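Participant: quick one: sequence plus predicted model below, questions after.
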Amino acid sequence: MIKIILIDWRKSMLLLVMLGLACLWAQSGFDLEAFSDSTKYGWNDYQDRSQYRQDLISRQNMLQLYELEALSVQENLLKSAVIPGWGQFATKRSTKATVILGLELVSVMGSMYFYDKAMTNHRLYQSATQIDDINHYYGKAQTPYQYSLMMLGFGAIVWGYNLYDVVVSTNEYNTDLWQDIMQRRSTSPLQLTPSGLELRF
Amino acid sequence: MKYVILILVALNLVACGVKRDNPLDPNSHSEIVVPGDVAGLAGEAFGSGSNPRYVRLEWNSNNLYNTDGYYVYRSLGYYNAYAVIDTVLHATGTTIQTYIHSSENDNSVSPGDFWYKVSAYKSYSGGNLEGRMSMPVFVRVSN
């Protein structure tokens, strides 16, 4: 019993010594002068520090505004996947959005038109019993069917490009938005901040 | 990018086509034989006055391998639409096939100008596959 207490006492002492050594090492590594140097951030006096703080607060406000107005890439991607051009409309790229939507509509409607034409001729082909009619209606069904597939393929390419473009457009929009917020901040006396309206004199 | 577009277009063109699902289409059914063309068609009208009128058509026999019978067409003009007026079974053992279009059976055989065509057909489970039509022959039925 005495032996066990003796061993525990020795262990405790060893731990205390090691703790003391660690504290001494930490003190020697800590530069108190560097820590207390108020000019390390470029502040020469309290006015500089105050100006820096104002600037920091201003940037935080701008960041909050940016987060409020910035568009989500995922959301825009989903929009454009459902209706091509929708995401581009959200990023204010109306011309590009109109072109994409128009091309998509033309290709899909064209594809449907040619498919319908092909199927009409295919039904005539299926009911034909004369060899010339069989060959004639098959040829008349095959050509619009290929046009239909080509237009569908074109639609798929436009759709794919639309998805690629919406990611690029959204990123560009968000970059422009940050520049715009900074510009608005610097020029307008009336500021819209996350906490409300702010009038500067 | 342009190579991707070209590949997609090429894939579209070669990958798919309209199904050849007509049971009489020889391009998709190897057992289907296309009926031979009808050649040597000739026609002549007989009868006048109160006697029954009839038109006698003759043409060269097709091979039994590709022909089970013939469709006889008639029109009022060379370029007009032709309508089937009768079906004739292929007569074996003869080099000439004959058909008589008589006013006793069809009162449309009346005085006037007519154009006749003949085509061969072959019977299959999916129906009769008809071959190409012959050149039209002119027949004038007199009063």
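Facilitator: Received, thanks. All values reported here derive from a predicted model rather than from experimental measurement. Residues are numbered from 1 along each chain as shown, chains lettered A, B, ... in the order given.
Participant: for chain A, which spans come out with low pLDDT?
Facilitator: Applying pLDDT under 70 to chain A flags the ranges A:1-7, A:28-29, A:38, A:187-201.
Participant: count of neighbours near residue B:20?
Facilitator: Neighbour count of residue B:20, defined by other Cβ atoms under 10 Å in any protein chain shown: 17. Every residue, glycine included, has its C-beta placed from N, CA and C.
Participant: swap that for residue B:54, please
Facilitator: Residue B:54: 18 surrounding residues under other Cβ under 10 Å.
Participant: leaving out sequence neighbours, find the closest residue to residue 76.
Facilitator: Assuming you mean chain A. Using Cβ to Cβ, 6 or more residues apart in numbering or on different chains and skipping residues adjacent in sequence, the residue nearest residue A:76 is residue A:87, 3.6 Å away.
Participant: look at chain B instead
Facilitator: Using Cβ to Cβ, 6+ apart, the closest residue to residue B:76 is residue B:114 (6.7 Å).
Participant: helices or strands next to the helix or strand encompassing the one you found in the packing?
Facilitator: In this assignment (DSSP states H and E), residue B:114 forms part of strand B:112-124. Secondary-structure packing of strand B:112-124 (3 or more Cβ pairs under 8 Å, 6 or more residues apart in numbering or on different chains; DSSP states H and E): strand B:54-60, strand B:69-75, strand B:127-133, strand B:137-141.
Participant: try 10 Å this time
Facilitator: Judged by 3 or more Cβ pairs under 10 Å, 6 or more residues apart in numbering or on different chains; DSSP states H and E, the packing partners of strand B:112-124 are helix A:131-187, strand B:42-46, strand B:54-60, strand B:69-75, strand B:83-89, strand B:96-102, strand B:127-133, strand B:137-141.
Participant: still on that earlier bit, does the residue nearest to residue A:76 touch residue A:163 like I think?
Facilitator: Yes - look at residue A:87 against residue A:163 with Cβ atoms under 10 Å: they come within range, at 8.5 Å.
Participant: which of these two has more neighbours?
Facilitator: A direct count of neighbours by other Cβ under 10 Å for residue A:87 and residue A:163 places residue A:87 higher, at 29 against 15.
Participant: please name the residues that touch residue A:155.
Facilitator: Residue A:155 makes contact with A:84, A:103-111, according to Cβ atoms under 10 Å, 6 or more residues apart in numbering or on different chains.
Participant: list the contacts for the spatially most central residue of chain A?
Facilitator: By Cα atoms, centre = their mean, chain A has its centre lying nearest to residue A:73, at 3.3 Å. Residues in contact with residue A:73, defined by Cβ under 10 Å, 6+ apart, are A:87, A:166-171, A:173-174.
Participant: picking up where we left off before, distance to residue B:25 for the helices and strands packed on strand B:112-124 - can I get that in CSV?
Facilitator: Formatted as CSV, these follow (distance: least, Cβ to Cβ, whole Å):
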stretch, distance to residue B:25
helix A:131-187, 5
strand B:42-46, 32
strand B:54-60, 26
strand B:69-75, 19
strand B:83-89, 21
strand B:96-102, 27
strand B:127-133, 9
strand B:137-141, 30
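Participant: any idea how far residue A:129 is from the residue nearest the centre of chain B?
Facilitator: Geometric centre of chain B, nearest residue: residue B:119, 2.4 Å, by Cα atoms, centre = their mean. Look at residue B:119 and residue A:129: by Cβ to Cβ, to the nearest Å, they are 11 Å apart.
Participant: quick check: chain neighbours aside, which residue is closest to residue A:113?
Facilitator: residue A:148 (7.9 Å).
Participant: I figured the one you found hits residue B:17, correct?
Facilitator: No - contact criterion Cβ under 10 Å: residue A:148 and residue B:17 do not qualify, at 11.4 Å.
Participant: related to what we said a few turns ago, what touches both of residue A:87 and residue A:163?
Facilitator: Residues touching both residue A:87 and residue A:163 (Cβ under 10 Å, 6+ apart) are A:76-77, A:80-81.
Participant: need those residues in TSV (columns: secondary structure and neighbour count).
Facilitator: Listed next are these as TSV, based on DSSP: H, G, I helix; E, B strand; the rest coil; neighbours: other Cβ atoms under 10 Å in any protein chain shown:
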residue	secondary structure	neighbour count
A:76	helix	23
A:77	helix	17
A:80	helix	28
A:81	helix	14
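Participant: is it possible to get a markdown table of those that adds distance to residue A:67?
Facilitator: Listed next are the shared contacts of residue A:87 and residue A:163 as a markdown table, based on distance: Cβ to Cβ, whole Å:
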| residue | distance to residue A:67 |
| --- | --- |
| A:76 | 16 |
| A:77 | 19 |
| A:80 | 22 |
| A:81 | 24 |
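Participant: quick check, stretch A:161-174 touching chain B?
Facilitator: Yes - for stretch A:161-174, a contact with chain B is found by Cβ under 10 Å from any Cβ of the partner chain, at residue A:161.
Participant: how far does that stretch sit from its chain's centre?
Facilitator: Distance of stretch A:161-174 from the chain centroid (Cα atoms, centre = their mean, to the nearest Å) equals 9 Å.
Participant: what sits up against that stretch?
Facilitator: A:66, A:69-81, A:83-93, A:96-97, A:99-101, A:103-104, A:158, A:180, B:1.
Participant: please spell out the ChimeraX selection for the buried subset of the residues you listed.
Facilitator: Here is the ChimeraX command that selects the buried residues among the contacts of stretch A:161-174 (16 or more other Cβ atoms under 10 Å in any protein chain shown):
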select /A:70,71,73,76,77,79,80,84,85,86,87,88,89,90,91,93,96,97,100,101,103,104,158
